[in-house]
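**Q** This is the structure alone, sequence omitted:
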């Protein structure tokens, strides 16, 4: 029952991710809106999951707390290296990609294939993280899935923008993005069946995920919010960030009861 529910959630997140990207093709204004405001909500959700769910669960295992924090640092470094190598053109700001001038090298096909491969690896990791969450308990599985979903929508809008600028056609962009999204299902299946076979590995994945979420939230997403100079819109972003944290807290409390 838990397996089918979790698998369905991962599949839905993957499909919704592509749907978010397709908004850029057919509804650019909506894509800009989602990318601009959902990012701050995603930051709150990811930080909420890290400090309210992932790290407490990992620390509650028999692994030494110091080791848990080491695995979290490894998560930060891994996602940094991933972005510096495979995701070197991985922006979340649709406006930056869509309206800025780029050199011919940035528009070349290799950039499109590179971002697709990097996105696939990232989604595979997301699937593995969700599997570790559901293997721990339903509460952590749902919370982690929500954090991944809220981050995935604006991220895929950025990926679509890169692929379109890499001269991929609309259909090719959709197909490649969907393929990259489906690696999350593979990551989930491998994680769900193999993580229980190795003692302590689940806690390591949770700690690693915490580090990854901290990196993504603080270096990829949060800086994008500083581009907003309007006071009213900035306040809206602050409220959305707090609401993201509160959503994870409330979800955890409801599922715990």
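**A** Noted; the coordinates are in hand. Note that the structure is a prediction, hence the values are computed from the model and not measured.
**Q** Would you mind confirming that residue 17 is in contact with residue 154?
**A** No: if you go by Cβ atoms under 8 Å, residue 17 and residue 154 don't touch, sitting 9.9 Å apart. Quick note: C-beta positions are derived from backbone N, CA and C, even for glycine.
**Q** buried residues in stretch 234-244?
**A** 237, 240, 241, 243, 244 (16 or more other Cβ atoms under 10 Å).
**Q** and it, how far out from the chain's middle?
**A** 19 Å (Cα atoms, centre = their mean, to the nearest Å).
**Q** Quick one: mean pLDDT for it?
**A** Regarding stretch 234-244, the rounded mean pLDDT is 91.
**Q** Equivalent analysis for stretch 249-257, please.
**A** 79.
**Q** do stretch 140-154 as well
**A** If you average the pLDDT over stretch 140-154, you get 89.
**Q** Next: stretch 197-214.
**A** Across stretch 197-214, the average pLDDT comes to 89.
**Q** shaky segments in this protein?
**A** For the chain, the stretches flagged by pLDDT under 70 are 28, 31, 34-35, 62-65, 86-111, 256-257.
**Q** so where do the helices sit in it?
**A** For the chain, the helices defined by DSSP state H cover 2-26, 28-49, 55-59, 65-85, 94-99, 104-107, 109-136, 138-165, 170-194, 201-215, 222-225, 231-256.
**Q** Packing partners of the second one?
**A** Contacts defined by 3 or more Cβ pairs under 8 Å, 6 or more residues apart in numbering; DSSP states H and E place helix 28-49 against helix 2-26, helix 94-99, helix 138-165, helix 201-215, helix 222-225, helix 231-256.
**Q** which stretch among those comes nearest residue 113?
**A** Set against residue 113 and scored by Cβ to Cβ, these come closest in helix 138-165, at 9.3 Å.
**Q** picking that back up, would you format the helices and strands packed on helix 28-49 as a markdown table with distance to residue 193 included?
**A** Formatted as a markdown table, the helices and strands packed on helix 28-49 follow (distance: least, Cβ to Cβ, whole Å):
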| stretch | distance to residue 193 |
| --- | --- |
| helix 2-26 | 9 |
| helix 94-99 | 37 |
| helix 138-165 | 15 |
| helix 201-215 | 12 |
| helix 222-225 | 35 |
| helix 231-256 | 24 |
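**Q** And those helices: which comes nearest residue 77?
**A** Between the helices and strands packed on helix 28-49, helix 201-215 lies closest to residue 77; by Cβ to Cβ that is 7.8 Å.
**Q** Which residues does that closest one contact?
**A** For helix 201-215, contacts defined as Cβ atoms under 8 Å, 6 or more residues apart in numbering pick out 46-47, 49-50, 54-55, 57-58, 61, 63, 68-69, 71-80, 125, 128-129, 132-133, 135-136, 140, 144, 147, 191, 195-196.
**Q** repeat that with 6 Å
**A** Residues outside helix 201-215 that contact it (Cβ atoms under 6 Å, 6 or more residues apart in numbering) are 46, 50, 54-55, 57-58, 61, 63, 68, 71-72, 75-76, 79, 129, 132, 135, 195.
**Q** ok, now stretch 132-146?
**A** Here stretch 132-146 has contacts from 2, 6, 9, 45, 49, 53, 57, 129-130, 191, 195, 202, 205-206, 248, 251-252, 255-256, using Cβ under 6 Å, 6+ apart.
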